[in-house]
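Enquirer: need coordinates for the below:
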Amino acid sequence: MKFIELTVKNHIILHGFDARNKEITENVEVAKAAKKLIAVDRILSVSEKFILTKYAYDRIVYWEYEEEYESVKAMLSDL
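Expert: Reported below is the predicted structural model:
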């Protein structure tokens, strides 16, 4: 399994959808950023602000990351 290391902080967890198809989300704010290894096969997309990852039970997490977008793009391209 391949991983990339990012500095992540706040994130939004998407738990699913309600009966009206509205997202059920949980906003998580943390005091301090932390290094995280992210399995490449869990990455769904990358934007300038968020890396979108999937987890068990169909949960999706939008992680805010501190690295530059071009740097993350290069990390993924080098795999």
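Enquirer: residues contacting residue 10?
Expert: Going by Cβ atoms under 8 Å, 6 or more residues apart in numbering, residue 10 touches 27, 28, 29, 30, 64. (C-beta placed from N, C-alpha, C; glycine too.)
Enquirer: please tell me I have it right and residue 5 contacts residue 35.
Expert: Yes: using Cβ atoms under 8 Å as the test, residue 5 is close enough to residue 35 to be in contact (5.9 Å).
Enquirer: am I right that residue 41 is in a helix?
Expert: Yes: remark: residue 41 belongs to a helix, assigned using DSSP: H, G, I helix; E, B strand; the rest coil.
Enquirer: mind listing what it touches?
Expert: Applying Cβ under 8 Å, 6+ apart, one finds that residue 41 lies in contact with 1, 2.
Enquirer: what's the answer for residue 72, then?
Expert: Under the criterion of Cβ under 8 Å, 6+ apart, the contact partners of residue 72 comprise 4, 6, 46, 51, 65.
Enquirer: give the rounded mean pLDDT of the strand ranked longest in the chain.
Expert: With DSSP state E applied, the strand covering the greatest number of residues in the chain is identified as strand 3-17. What strand 3-17 shows for mean pLDDT is 95.
Enquirer: next structured bit after it?
Expert: strand 23-28 (DSSP states H and E).
Enquirer: before we move on, the earlier item: most neighbours of all the contacts of residue 72, which one?
Expert: Per-residue neighbour counts (other Cβ atoms under 10 Å) across these peak at residue 51, which has 25 neighbours.
Enquirer: so residue 53 touches residue 63, yeah?
Expert: Yes: contact criterion Cβ under 8 Å: residue 53 and residue 63 qualify, at 6.6 Å.
Enquirer: report the buried residues of stretch 4-21.
Expert: Residues 4, 6, 8, 9, 11, 12, 14 are the ones in stretch 4-21 that count as buried (16 or more other Cβ atoms under 10 Å).
Enquirer: ok, these vs residue 75, which is closest?
Expert: Proximity of those to residue 75, judged by Cβ to Cβ, is greatest for residue 4, which lies at 4.8 Å.
Enquirer: do you know how far the nearest residue to the closest one once chain neighbours are set aside is from residue 55?
Expert: Leaving aside its sequence neighbours, residue 4 sits nearest to residue 75 (Cβ to Cβ, 6 or more residues apart in numbering; 4.8 Å). Remark: distance between residue 75 and residue 55 (Cβ to Cβ, to the nearest Å) = 20 Å.
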